[in-house]
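Undergrad: all I have is the shape, not the residue letters:
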């Protein structure tokens, strides 16, 4: 097995035992990028020099016998909406094509402080709006299992890069499923942590009340390691929670005796892909076999989740994206006279269609006369959902659904039908609306060899329970590896 | 304005003088080089998040307590969305449904009576940057973002104000309170207090008329002029049988006219919604009680007390109360009980004002003490020094702290109290001024004044002029 195909915890162990150097590992990953990137397009920016310099510096520290973090020397990628000081951060938008932040996001800073090696910035849907990474100014990212398929989105670059060995782990962001859905499409593990556990400082906001940074990794254990290193209160983010954070683990497979799994059958019965349903049900049976008991539940108001999500997220996005106006930084249209023309031309030319669609939608639902009808109603629906999901968590410990109703779809299939595209998020948005944590873990392949993911959602701060259950599934299903040796890519 | 009552409401913005800005740790400082007090947060850079400065909340709560408001223990922020180049995030973080302070009032002395203006609310918000338009005629504007994130409170009055004069008195009252609390620099020319003026007319007994709001009113006197102009404009419309349209108007103080900026139809839609980056915040009752202890007796209350209890004039009371240090001095003098409030007031409004005006000093910069003031007044009332000598003593007391007796001795200002000495001087003057003596005896009574004056001159003013006159009279009668 090549170094780039190994997991973070395996590599960390080898680095600690000095079986390999970070430079070797980093070169392995960079060489892999040379082979795959032209076909995948996972990256927007690759920082070869920076990565190698950092790897050498970690190796030097290790040679001096310094006590290093488990992440030291590990090649990691960041979604391109996580600000990195001195390294271009574009949000996959023409608007920020050449934007270089003067500061780093807290999560990125934490990784740097652990001596992680930042390989580069990963592709995404523009400003994280989308479910396929087709809405990128820098082109679509392809699925490593089948390059005619999408990698999912919006953190499609992260999932494709992790799955193909271009990075060992990545940080994405999840507003309505943007970590979990692409992880599911690419056979990776993706976690959306409890809202407020990972600082949003330096994450370019899409919908502030829903956004959360989360890891995309090759296995559950790697996910637990990554999460342990990015959680924590941040005085720069007033929505970050000031509480004690445990070190998460998934080192051993524990019994799930007494664990209660809720199945919102009425939610996923609409799932028309038989392979997805079959793999999902297999996974549920694995949980049962390990001691979990299954209950059928019904979440009151669940039909409001998707519309409420699109109203709230678009409303916040319309405000968050208003600052991209061509006045101070980023793209500015040519040939303008007067301030209003500066705004309209810059924003018309700088944003892609999906961003414009959401800005218009968000502006509409916040406007005088419509705010009560749409925005406030959506907020009320969201509160109702929090209440009814909390009620469910008095009777169950986890809620399980497929991560997505289907496997990776053909590139171009849904771009012209945004509402159909929005339906991709039907199982994932609930965790964002309620602020609760959810993980997507691979549970097999469909008939075409494309990965299927199961999503487990827990009550707030239930991440360890997610890791416990997910590692049981992982242990039984095995790591879903793209067929890298007789590769389709 | 016969037939109509002018109804005025004011929205007053005051910049708070906290050390740092409202949402970041940049210095809150006026006059720095452009774009130097800035950071990712106040520049609105992608990904940066605002963190509420607690001091801003506490300053605003103190103002709320000073204006008798109810403090909302749980308060929240909203985004007010609009595009303007001086607003980097394209939204202003402000408050709407849950402002920090509500339902207050302020009493102040105006036009011979105590007036009360109700306060609808006080909320906190961030200031925007400043646009500087090129003066060389190029088609360019510059932006200074230092002011972005400077904390503001907006004090919204109910429409309880009836005249331009009352509006100015209300604003002066707010200014005095801001100064007493030391939460605002109160420099109009630096824009630390700004005002939007709402004016409507209403016929006797009728409900309130349609209001117009005037922006860009940047001095107290401009507020007065803008109100007069707007009331007259609306009066004319109503007299012609036209209706007043709801408008936002811009006041041009140089030309003394206002222009329409927006009508109701094209009013901006700010798309308010809760600020998702900052959760609702709470202030404890215990902390509110502590803050209440830091609110002193305010100028407006002092004025009312000075006028009604001490019987000094409204103008004098306002002058003294305006300066917290001077008011404290005055109150301390009065409570010493050694002289009447009026006698202190005479010296303050006379010699002290003259001194402060000529030296451009504030009261705090003088050396005057309560005991110095009292000892000087004692010396006058006991006849130790004349009033004119007292003025010279007072000048010294303003400059340095010295016992009054020492000043009198050093300047040799003590009056000559011995009758023999006064008689000796009288005799000497009479013998040296035979012509005047003859004039007096021929009936020219003003010769007496001349002789007394000569005595005063001979004693360097140290003789009591009344006693001296008696002595001259008795000498001339011999």
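TA: Yes, it's here. Because the structure is a prediction, the values reported are computed rather than measured.

Undergrad: ramachandran coordinates for the residue nearest the centre of chain A?
TA: Centroid-nearest residue in chain A, with Cα atoms, centre = their mean: residue A:179, separated by 1.9 Å. Main-chain torsions, residue A:179, degrees, to the nearest 10: phi -100, psi -40.

Undergrad: read off the pLDDT value for it.
TA: The per-residue pLDDT reported for residue A:179 equals 98.

Undergrad: before we move on, what about residue B:1?
TA: 45.

Undergrad: please apply the same query to the one 5 residues further on.
TA: Among the per-residue scores, residue B:6 shows a pLDDT of 94.

Undergrad: excluding sequence neighbours, find me the nearest residue to it.
TA: residue B:231 (4.6 Å; Cβ to Cβ, 6 or more residues apart in numbering or on different chains). Bear in mind the C-beta positions are built from the backbone N, C-alpha and C, glycine included.

Undergrad: my guess is that neighbour contacts residue B:5, does it?
TA: No. The pair residue B:231 / residue B:5 is not scored as a contact, 9.8 Å apart, by Cβ atoms under 8 Å.

Undergrad: between those two, what contacts are shared?
TA: residue B:201 (Cβ atoms under 8 Å, 6 or more residues apart in numbering or on different chains).

Undergrad: picking up where we left off before, so how far is chain B from the residue nearest to the centre of chain A?
TA: 17 Å (Cβ to the nearest Cβ, to the nearest Å).

Undergrad: counting neighbours, what do you get for the residue nearest to residue B:6?
TA: The number of residues packed near residue B:231 is 21, by other Cβ atoms under 10 Å in any protein chain shown.

Undergrad: check contacts around it.
TA: Applying Cβ under 8 Å, 6+ apart to residue B:231 gives the contacts B:1, B:6, B:164, B:199, B:201.

Undergrad: same deal with residue A:151?
TA: A:40, A:42, A:132-133, A:141-144, A:157, A:159-160, A:182, A:185-186, A:408.

Undergrad: show me what residue of the stretch 101-250 of chain B gets nearest to chain A.
TA: Chain A sits closest to residue B:143 of the stretch 101-250 of chain B, with a gap of 7.4 Å, by Cβ to the nearest Cβ.

Undergrad: that's a helix at that residue, yeah?
TA: No. Residue B:143: not assigned to a helix; according to DSSP: H, G, I helix; E, B strand; the rest coil it is strand.

Undergrad: partners of it in the sheet?
TA: Per DSSP bridges, the residues bridged to residue B:143 are residue B:131.

Undergrad: my read: residue A:211 touches residue A:176, true?
TA: No. The pair residue A:211 and residue A:176 does not pass the contact test of Cβ under 8 Å, sitting 9.6 Å apart.

Undergrad: okay, these two: which has more neighbours?
TA: Ranked by neighbour count (other Cβ under 10 Å), residue A:211 and residue A:176 place residue A:176 first, with 31 against 27.

Undergrad: in three-state terms, label the more buried one for me.
TA: coil.

Undergrad: ok, now which ones touch it?
TA: Here residue A:176 is in contact with A:210, A:309, A:313, A:425, A:428-429, A:432 (Cβ under 8 Å, 6+ apart).

Undergrad: show me which residues of the stretch 101-250 of chain A sit near chain B.
TA: A:101-103, A:105, A:200-205, A:207-209, A:235-239 (Cβ under 8 Å from any Cβ of the partner chain).

Undergrad: in PyMOL, select just the buried ones from these.
TA: Typed into PyMOL, the line below selects the buried ones among those, using 16 or more other Cβ atoms under 10 Å in any protein chain shown:
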select buried, chain A and resi 101+103+105+200+201+202+203+204+205+207+208+209+236+237+238+239
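
Undergrad: from the residues of the stretch 101-250 of chain A next to chain B, which land in strands?
TA: Residues of those located in strands (DSSP state E): none.

Undergrad: tell me the domain ranges of chain B?
TA: With domains defined by automatic domain parsing, chain B comprises B:4-291, B:419-477.

Undergrad: which of the ones you listed has the lowest average pLDDT?
TA: Looking at the domains of chain B, the bottom one is domain B:419-477 with a mean of 86.

Undergrad: how distant is that one from the center of its chain?
TA: Its chain's C-alpha centre lies 50 Å from the corresponding centre of domain B:419-477 when counted by Cα atoms, centre = their mean, to the nearest Å.

Undergrad: tell me how far the ends of it are from each other?
TA: 17 Å (Cα to Cα, to the nearest Å).

Undergrad: now residue A:36: which helix or strand?
TA: Assessed by DSSP states H and E, residue A:36 sits inside helix A:22-40.

Undergrad: could you give the average pLDDT over that helix?
TA: pLDDT averaged over helix A:22-40 gives 97.
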